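K.L.:
Have a look at this prediction, sequence included:
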Amino acid sequence: MKSIRTLTSKYVRNENGATAIEYGLIAALVSIAALTAFQAIGPRLLATFNNVSTGLQ
């Protein structure tokens, strides 16, 4: 039977769960940055599309 110390050390060395959490945090931060950028650029982009639409009429 394995000792508790052996089982604990294997659990502490296993970093798969931590890696998945880190990737999730990175994805969340990238999403927040993209949404912030889109909100900042949105009005100018809308004005540009309206100018193009008006120019094509």
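P.N.:
Done, it's in. Numbering: from 1, shown residues only.
K.L.:
Tell me the gap between the longest helix along the chain and the middle of its chain.
P.N.:
In the chain, with assignment by DSSP state H, the single longest helix is helix 16-56. Here the centre of helix 16-56 is set off from its chain's centre by 11 Å, with Cα atoms, centre = their mean, to the nearest Å.
K.L.:
mean confidence score for it?
P.N.:
Averaged over helix 16-56, pLDDT sits at 90.
K.L.:
Roughly how far does residue 25 sit from residue 31?
P.N.:
According to Cβ to Cβ, to the nearest Å, residue 25 and residue 31 sit 11 Å apart. (Glycine included, C-beta is placed from N, CA and C.)
K.L.:
Same check on residue 54?
P.N.:
33 Å.
K.L.:
what's near enough to touch the spatially most central residue of the chain?
P.N.:
Nearest to the mean C-alpha position of the chain, by Cα atoms, centre = their mean, lies residue 27 at 1.9 Å. By Cβ atoms under 8 Å, 6 or more residues apart in numbering, no residues touch residue 27.
K.L.:
mind starting the numbering at 23 from now?
P.N.:
Sure, I'll start numbering at 23, so the last one becomes residue 49.
K.L.:
quick one: it and residue 56, what's the gap?
P.N.:
Residue 49 is 11 Å from residue 56, by Cβ to Cβ.
K.L.:
Would you mind grabbing the residues shared as contacts by those two?
P.N.:
Common contacts of residue 49 and residue 56 (Cβ under 8 Å, 6+ apart): none found.
K.L.:
burial count for residue 45?
P.N.:
Counted with other Cβ atoms under 10 Å, residues neighbouring residue 45 total 10.
K.L.:
The one 3 residues further on now?
P.N.:
The burial count assigned to residue 48 is 10, neighbours taken as other Cβ under 10 Å.
K.L.:
likewise residue 67?
P.N.:
Neighbour count of residue 67, defined by other Cβ under 10 Å: 11.
K.L.:
likewise residue 43?
P.N.:
Using other Cβ under 10 Å, residue 43 is surrounded by 10 other residues.
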